[in-house]
Each structure stands twice: as C-alpha cells, then as structure tokens.
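K.L.:
Pasting the sequence and the predicted model now:
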Amino acid sequence: MAPLRPRCDYRDGRPPHASRRAQWHGIAARGASGTARTPVITPFVAYADLHDDVLVGALLDLATQPDDELLAAETARAALALEVSFAEALARAVLESEGPFAVAARRGLTASDPRVGIARAELERLGVLAHGDAARILARHGLDDALSTQRGLDHPTATPPAAATLLQALTGAGDWGRHADALVAFHAGEGLGELATHRVLRWLDGELVGIADPDTISLDELVGYEAERAPLLEDLAAFIAGQPANDALLYGLPGTGKSAAVRACAAAFADNGVRLIQVERDQLDSLEDALLALRGEGPKTILFLDDLVVDDADRLDRALRATLDGGVAQRPQNVVVWATSNRLNLLHSSHSERSDDVDAAETVGEKAALAARFGRRIRFERQDRAAYLAICQRLVRDRLGELPATLDDDAMRFAVQGHGLSARTARQFADAYRP
C-alpha cells in the first residue's frame, strides 16, 4: 500500500513512525489476496528499526526475494509516492534512525567500538541498494521508473547544517560505510528521529514532529523592538557557546511581535544548528517527556511555549514549574524555554479562587509566581504612531519599491478602523494595501 500523509508538514510523503509501523504490520504486510504473508526478518542489527519504514522494509524484503512480484509492486508504490529522490529517502531514514546504533551513538561511542563496525557493514548494504541494486531489482519487473532521481534536496533551508552535509554525501555516492564514524558524531550532537533532520519541530502527542517547510522570518524583516530583541540574541549566542542562559518570557499586548521575535532569533542562529520546538498548550502536561526526548550533548534547542496562559482547571502551572526548575529528572543542559504571553502573571483566575479568601490567595500566589521562574522577562509595549508608520513604510516599500504619497494617511485610517497600532496591524495593512 502506498504511504499516506495523515498530517501536514511531512517532507517525503511518509507518515510518522507509529503510522509506518501500523501500515507495515497491517495492510502493508498483506498480499494482493488480502491474506497475511510472513515478512522476511531483516538481518540488520544496528539499523533494525528501518524494517518498520514502509519503503525500506519493503525494499529489504525485496532484496532477499528479488523475484517476488508483490514485494516489487509494494516497493515501487512506496517509491512512487516520494517527494524526494529515492536515494535521499533512504539517506533520511538512516539519519532519522532510532535503532540500536543511533541510540548507542547518542549515549556515546568511540570509533574503536565494535558496534561501529556492525553499522558500517549495514550502511554499505543500504548504500548499494540506494545507488543501484534497488533499480536493478525493480527493472526485472519493469518498475524501475518508480525510482526518480530528478528531485533534489527537499526544503534545504529547513534542514540543519549537519544533516544537510550528510544527506548530500549519502545522496551523492553509494559507499555509505565510510560515513559510520561521522554518523556516531552526528547522533551524539544532533539527536535521533526527526530532531536530527529538522530545524523547526512540534511536540505533538509524545513525538517530535519535523516541519518540512517552516514559516521562516528573518531579523531583517522585523522593524522596531530592536532593544527588546537584543538581550534574546545575546542570551542565545552565549547558550550556543556553551554558557548558561536564562529562560525567557516575552509578554505584552497581542500583535506586538513577540512570536515573530522568537522565530526570527532562532532563525538567526540556524547555521549553528539551533532547533526551535513549539509546544501547544494542550501538550504542556507532557513537557517532561519532551525534555527527556531532547536530553543529550545537543542540539541546542529552544522549547517555545506560544501564547501561554495557565487556567485553573488543569493546574498546568505545576508541570511548567517543574520544567523550569527541574523535577525528579535533571533538566537537559541543551534546552532553554522561551514563552510568550499577553500577560505577565500568566494567570486566568477562577470564581473559586476569587471567592475563597485563604485558598484563593495561595493558589493565585503560586500561579503569579510562575513568571518569576523566567530569568529573562521582556515587555513588548504597544507601538506609538511613529513606530507603526515606520513598519508600514518599510513593508510597503519592500513590496512596491516605492512609497505612495497617501501611505501614512491610508495606514492610520486602517489602524483606527478597529485594528489598532501594532506590528501585526502594520503587516495586515501592507498585505492588503492597493494604492
């Protein structure tokens, strides 16, 4: 069965790991008649997890049974659905491995460790499959055209530098075994799974999900609030250099550019391998699991909590305090937490908190103290008329190449029609402006 796209943001047409396993052990493990067939057990040890991948699993079985028409068709269907070249898809599977070798490398391996030799041999076999054997086997069934080689590196700006370098090397030639030592260092510093190959991710239902085409924004695109962003950039530079850095809370009225500041600061250090991982409010109760998934030598990571408000019912403030202060497990040194909020005290009080004097005071005090856990607190004030117009002028000039004579009047008219003076309003005006 051809792989599906159950969620957006996937870079090669493959579903996430759990869905791949479900497909392999369910529909994909059945022949044309619907009867279950016994899959060939992969001889791989270091990369045993790759048999769970719809494409690689079918390919490994086909390599041991090259005359099996059903396996050939299954492999061709998986390859035909790819949005990247066949070689790159296999290379990505290797870099995103969460198997025994990648896990051991993450924890620390030396070049002389015999496990590296096991991985080297398996990499050689995968490289040969990616750069020749798969095409030759499928050609016996007239299906080699499914293996496109025309598509290049997918979304290169979304791929961290270390992953991009190895992808280029693995996609370019089939002697993958010689990269075994580099992969040891790669997993130690870049992590496992999609964390290793994506610059921007989401924490979703207990998994790190890579964003193939992130909504990027650069510092050059931002006008105003330079003084507010300066300490964030200083902290991030120190963090990358191995120095401790404070968690940060950006607070202020909606539309003042807090979220854009976080994304732009992270993008400014993309060449240093910085990851930005967004955690939605409904995922806050699993923050500790997210930290465990990020534990390691690297990569340097910003855990981004956008539009943070703590309601009374879930008591998520306790989970968040444990994340910021450290719970039973030691907090990873390669992670900082940046949050945005429309308020400093991060508090939505309930009726019970307002009506029960003693308990209410204690509960409100606990929640209000949450902001104190952020060592860096930066306020984004609403912009005045001059600052608002400066942003409008910059955005319109970039789009039109000139400034119409009526621009300021038009921009102010747009603002007073219920939009207000803010960076968000300025962008909305520039996008809609037709002189």
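P.N.:
Okay, I see it. Quantities reported herein were computed from a predicted structural model and do not represent experimental measurements. Residues are numbered from 1 along each chain as shown.

K.L.:
so what's the residue nearest to residue 133 when sequence neighbours are not counted up against?
P.N.:
Counting by Cβ to Cβ, 6 or more residues apart in numbering, residue 133 lies nearest to residue 63, which is 6.7 Å off, once chain neighbours are set aside. All C-beta atoms are positioned from the backbone trio N, CA, C, and that covers glycine. Going by Cβ atoms under 8 Å, 6 or more residues apart in numbering, residue 63 touches 129, 133-134, 137.

K.L.:
try it again with 7 Å
P.N.:
129, 133, 137 (Cβ atoms under 7 Å, 6 or more residues apart in numbering).

K.L.:
Select from those residues every entry located in helices.
P.N.:
Judged by DSSP state H, helices contain the following of the contacts of residue 63: residue 137.

K.L.:
export the contacts of residue 63 to a markdown table and tack on distance to residue 193?
P.N.:
A markdown table is the format used below for these (distance: Cβ to Cβ, whole Å):
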| residue | distance to residue 193 |
| --- | --- |
| 129 | 22 |
| 133 | 26 |
| 137 | 28 |
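
K.L.:
Go ahead and flag the most central residue of the protein.
P.N.:
Among the residues of the chain, the one closest to the centroid is residue 201, at 1.6 Å (Cα atoms, centre = their mean).

K.L.:
Isn't that residue up against residue 191?
P.N.:
No - Residue 201 lies out of contact with residue 191 (Cβ atoms under 7 Å); the separation is 10.3 Å.

K.L.:
Number of residues surrounding the residue nearest to residue 147 when sequence neighbours are not counted?
P.N.:
Nearest residue to residue 147 in three dimensions, chain neighbours excluded: residue 86, at 4.3 Å (Cβ to Cβ, 6+ apart). Residues lying near residue 86 (other Cβ atoms under 10 Å) number 26.

K.L.:
Now do the contacts for residue 86.
P.N.:
Each residue near residue 86 by Cβ under 7 Å, 6+ apart is listed here: 79, 130, 134, 147-149.

K.L.:
domain assignment for the protein?
P.N.:
17-196, 219-380, 385-432 (automatic domain parsing).

K.L.:
Who is the nearest residue to residue 283 once chain neighbours are set aside paired with across the strands?
P.N.:
Excluding the flanking residues, the one nearest residue 283 by Cβ to Cβ, 6+ apart is residue 203, at 5.5 Å. Beta-bridge pairing for residue 203 (DSSP bridges): residue 208, residue 279.

K.L.:
from memory residue 203 sits against residue 290, does it?
P.N.:
Yes - counting by Cβ under 7 Å, residue 203 touches residue 290, with 4.7 Å between them.

K.L.:
any idea which element residue 162 lies in?
P.N.:
For residue 162, the enclosing helix or strand under DSSP states H and E is helix 161-172.

K.L.:
mind listing what's buried in that helix?
P.N.:
162-164, 166-167, 170-171 (16 or more other Cβ atoms under 10 Å).

K.L.:
just to revisit the earlier point, between the contacts of residue 63, which is closest to residue 233?
P.N.:
Among the contacts of residue 63, residue 129 lies closest to residue 233 (Cβ to Cβ), at 44.7 Å.

K.L.:
Okay, that closest one and residue 402: tell me how far apart.
P.N.:
56 Å (Cβ to Cβ, to the nearest Å).

K.L.:
try residue 95
P.N.:
46 Å.

K.L.:
How about residue 378?
P.N.:
Distance from residue 378 to residue 402, counting by Cβ to Cβ: 35 Å.

K.L.:
likewise residue 109?
P.N.:
Between residue 109 and residue 402 the computed distance is 59 Å (Cβ to Cβ).

K.L.:
For the two, indicate the residue with more neighbours.
P.N.:
Taking other Cβ under 10 Å, residue 109 and residue 402 do not tie; residue 109 has more neighbours (21 against 10).

K.L.:
Now do the same contact list for the closest residue to the more buried one other than its chain neighbours.
P.N.:
Distance criterion Cβ to Cβ, 6+ apart; nearest residue to residue 109, sequence neighbours excluded, is residue 184 at 5.0 Å. The neighbours of residue 184, taking Cβ under 7 Å, 6+ apart as the test, are 105, 109, 116.
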